[in-house]
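Engineer: I would like the atomic coordinates for the input below:
(chains A and B)
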Amino acid sequence: MPLSIYNSYTRKKETFEPLTPGHVGMYVCGPTVSGESHLGHARPYIGFDVVYRYLTYKKFKVRYVRNITDAGHFEEEGREAEDKVGKKAQLEKLEPMELVQKYTNLFHWAMKQFNCIEPSIEPTATGHIVEQINMIEEIINQGYAYVQNGSVYFDVKKYAATHDYGKLSGRVIDELINAESREVTTRTLEGQEEKRDTADFALWKSAPAEHLMRWRSPWGEGFPGWHIECSAMATKYLGASFDIHGGGMDLQFPHHESEIAQSTICNHVAPVKYWMHNNMITINGRKMGKSYNNVIKLTELFSGNHPLLTQAFHPMTVRFFILQSHYRSPLDFSSEALTSSEKAFKRLWEAYEILKQINVAQNTQAKDVELEEKVKNWLGEMEVFMDDDFSSPKVLANMFEMAPIINSIKDQLIPINALSSDTLLLMKERFAVFLEDIFGLQGADGTDNNQLKSVMQLLIDIRKEAKAKKDFATSDKIRIQLNEMGIVLKDEKDGNTSWGLT
RNA sequence: GGUCCUUUGGCCGAGUGGCUAGGCAAAGCUCUGCAAAAGCUUCUACAGCGGUUCGAAUCCGCUAGGGACCUCCA
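Structural biologist: Coordinates of the predicted model:
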């Protein structure tokens, strides 16, 4: 089955064919480590983690590059026109690199919580100033950039005359060039008068005296523009042309559009074959973002310490929540929706745990041919759905179809020989591969502690003895007190008792 | 002002021409010392209006609501 990917550039689903057979180069825009990551940031990192995992499952050798933006994008046309990292460092009385380190560590911690696989290369912007300067020089040599008061700007008008600037983001170039319509925003933009045209963007920015982060360049001391780092690092590690570039939809313009322009001029070839963009996480229908003042930081999410949260949420709940919707659909956050995901995930994971325990006989035929066919169909569809632009929600839906069957086999409501041994084995294999390897999910509770297991078995045995003697006061005491500690006991049909954390 | 997207049952969320998505919640039943869990069953929606079609949630048009981008943004 071939994999098809929705390409934002062509706005179509396309069959995925890597530039080099068997190998995939993938670049994903990483975090700006000038602050804490929030729930919105989790979506691309989890989403592309699944893409990475799935490509690996499909036997591709993937080089996955995700940058760390630690130089801080200066606010190109912002009111303060100040380096974000430098600015906050002064407020917090920290060295800029100290701040960068702090938030990089925090980001890595969050990724670990989400069980995201580390990228193959995680380059930093500050570590690639030379590459960025070289690239800018090349663009100047090609005649597509100009120097103005120690800053360098990309000449969009000239580029657009022969290239498709605006195609990725659906911009109309005439509206960007000499954009009178911008006056609608009535914003006075600093540095604007330096540019030849409003559509031009900075490749290098001259640093004012108070700017902490600064590097020497052929044009004086300054810092790199917002878009150039991705172009420079992607080119260095993935080549002039690579397969997949991912990021949030909100980066299409101007970031990715400008990346295309820079790289195309420098390398004389379109940089990316498949552009992938994830949709936003919204909160009450509105994009989660700093400017809307509606962010929920990951640390707040995991601790429940936020007015919009009724409880803390496990990272795996969040991961599952994100996987339950398609990456190109907007996903609306609410505490209620997450609680619902938490329960759903728990149920699915418990079914998976049960499935793992089922002993499968050798070479048996299916007694229930109809059920056998249904299950085989659900199992077969899972890869088909993932091949269709990573439709994780549909895969999960199929798994939920099978959860009652697994539970029924355990409770002997469905005899184990209803399904053939081959299908049972396939089911075990598919669940393990999809849940763990591809979706990167893990059990969300801490029950895999051997000492705890032993203690629990002891309590269960004592309770069983009490029940046998109809000493329900004792048996209920054990159950109730454990419940207060967050441990739930479940009496089963066969007289056994299982337990889990609430 | 421009460009584009979106509107699905109590809630979340799949779904681009015909077949039950799924989850959560709710109700009933089964099992059970009780409870929980589990299983079974019920709730069958597609903003409004018009059009195309044998047939539309799905295509087209209009209307209304919501949103994104055009500025840092995942």
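
Engineer: Tell me the confidence at residue A:13?
Structural biologist: With respect to pLDDT, residue A:13 scores 91.

Engineer: Can you get me a residue count around residue A:362?
Structural biologist: Number of residues near residue A:362 (other Cβ atoms under 10 Å) recorded here: 5. From N, CA and C alone the C-beta is placed, and that goes for glycine too.

Engineer: so when I look at it, I'm seeing a strand, right?
Structural biologist: No: read with DSSP: H, G, I helix; E, B strand; the rest coil, residue A:362 is coil and lies in no strand.

Engineer: For it, which residues are in contact?
Structural biologist: Contact analysis of residue A:362 by Cβ atoms under 8 Å, 6 or more residues apart in numbering lists residue A:421.

Engineer: Return the distance of it relative to residue A:420.
Structural biologist: Distance of residue A:362 to residue A:420, given as Cβ to Cβ, to the nearest Å: 11 Å.

Engineer: okay but residue A:138 is in contact with residue A:263, surely?
Structural biologist: No: with contact defined as Cβ atoms under 8 Å, residue A:138 does not reach residue A:263; the gap is 10.5 Å.

Engineer: which residues touch the closest residue to RNA strand B within the stretch 251-400 of chain A?
Structural biologist: At 2.7 Å from RNA strand B, residue A:344 is the closest residue in the stretch 251-400 of chain A, using Cβ to the nearest atom of the strand. Residue A:344 makes contact with A:320, A:324, A:400, according to Cβ under 8 Å, 6+ apart.

Engineer: related to what we said a few turns ago, if you count what's nearby, which of residue A:138 and residue A:263 comes out ahead?
Structural biologist: Between residue A:138 and residue A:263, counted using other Cβ under 10 Å, the more crowded position is residue A:263 (26 against 15).

Engineer: tell me the domain boundaries of chain A?
Structural biologist: Split into domains by automatic domain parsing, chain A comes to A:17-278, A:292-438, A:450-501.

Engineer: Quickly compare the ones you listed and say which is most buried.
Structural biologist: The highest average neighbour count among these, using mean count of other Cβ atoms under 10 Å, belongs to domain A:17-278 at a mean of 19.

Engineer: Can you pull the poorly scored residue ranges out of the stretch 51-200 of chain A?
Structural biologist: Scanning the stretch 51-200 of chain A for pLDDT under 70 picks out the ranges A:72-94, A:178-192.

Engineer: how about the helices of it, start to end?
Structural biologist: In order along the chain, the stretch 51-200 of chain A carries the following helices (DSSP state H, counting those that start in this stretch): A:84-92, A:96-113, A:129-141, A:156-162, A:173-176.

Engineer: Who are the contact partners of residue A:173?
Structural biologist: With contacts defined as Cβ under 8 Å, 6+ apart, residue A:173 is in contact with A:160, A:165-166, A:199.

Engineer: What pLDDT is listed against whichever residue of chain A sits closest to RNA strand B?
Structural biologist: Going by Cβ to the nearest atom of the strand, RNA strand B is nearest to residue A:248 of chain A, at 1.6 Å. Residue A:248 is assigned a pLDDT of 95 by the prediction.

Engineer: what's the answer for the one 3 residues further on, then?
Structural biologist: Among the per-residue scores, residue A:251 shows a pLDDT of 95.

Engineer: a strand runs through it, doesn't it?
Structural biologist: No: counting by three-state DSSP, residue A:251 is located in no strand; its state is helix.

Engineer: contacting residues around it?
Structural biologist: Neighbour list for residue A:251: A:29, A:277 [criterion: Cβ under 8 Å, 6+ apart].
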